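> 3D model of this:
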Amino acid sequence: MSNLHIQVIHGPNLNMLGTREPGHYGNQTLTDIDEELITLGDTLGVRITSFQSNHEGEIVDKIQQLHVDGLIINPAAYTHTSIAIRDALLAIKVPFIEVHLSNIHRRETFRHQSMLVDVATGVIAGFGAHSYSLALRGLHHQLSQTTPNNI
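Numbering: from 1, shown residues only. From the prediction side, this is the model:
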């Protein structure tokens, strides 16, 4: 299946990638990650658009406005707290992959809980910036194997 459109949403503090805690998050910037996704998307025949916000309400608004085939979301700290983001994702009924740069299960106990994990199509964590390309490949595969009536 080609001509798919996948939205990528980056949550709070991800605009600081490259300088923020490189031991957990690596040295790549958010721009680096987005450029790699666009390049991979071109190879797969997928249009990639990206959005980042530090504000929960802006993320909810963006989700509610989506008209895409799939979503990759790194809710960052909102992973552990945002029922609003969860509800927005449930409302739009778009398959999505939850992404984390670090392995949240090897970190502080409060990071082990995700408000999205049970409603996500899949979860990828712990591979640094490569987590995003793994998510894109997985979501592309899922969407290519699924007819519109089965999503």
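
> after the helix-or-strand element of the chain with minimal mean pLDDT, which helix or strand is next?
Across the helices and strands of the chain, mean pLDDT, DSSP states H and E gives its lowest value to helix 22-25, namely a mean of 60. Downstream of helix 22-25, the next assigned helix or strand under DSSP states H and E is helix 30-44.

> buried stuff in that next one?
For helix 30-44, a neighbour-count test (16 or more other Cβ atoms under 10 Å) marks 30, 33, 34, 36, 37, 38, 40, 41, 44 as buried. For every residue, glycine as well, the C-beta is placed using N, CA and C.

> now the first one: how far from residue 9?
As for residue 30, its distance to residue 9 is 12 Å (criterion: Cβ to Cβ, to the nearest Å).

> which residues do these two both contact?
Common neighbours of residue 30 and residue 9, using Cβ atoms under 8 Å, 6 or more residues apart in numbering, are residue 52.

> picking up where we left off before, export the buried residues of helix 30-44 to a markdown table and append columns for distance to residue 82 and pLDDT.
A markdown table is the format used below for the buried residues of helix 30-44 (distance: Cβ to Cβ, whole Å; pLDDT from 0 to 100):
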| residue | distance to residue 82 | pLDDT |
| --- | --- | --- |
| 30 | 20 | 93 |
| 33 | 21 | 95 |
| 34 | 22 | 97 |
| 36 | 26 | 96 |
| 37 | 23 | 97 |
| 38 | 27 | 97 |
| 40 | 27 | 97 |
| 41 | 26 | 97 |
| 44 | 29 | 96 |
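
> ok, so of the residues you listed, who is nearest residue 100?
Lowest distance from residue 100 to the buried residues of helix 30-44 (Cβ to Cβ) belongs to residue 33, with 12.8 Å.

> I figured that closest one hits residue 129, correct?
Yes. Between residue 33 and residue 129 a contact is recorded at 5.1 Å, counting by Cβ atoms under 8 Å.

> any shared contact partners between these two?
Among the neighbours of residue 33, those also in contact with residue 129 (Cβ under 8 Å, 6+ apart) are residue 17.

> residues contacting residue 135?
Residue 135 makes contacts with 72, 97, 99, 122, 124, as judged by Cβ under 8 Å, 6+ apart.

> all good on my end, thank you.
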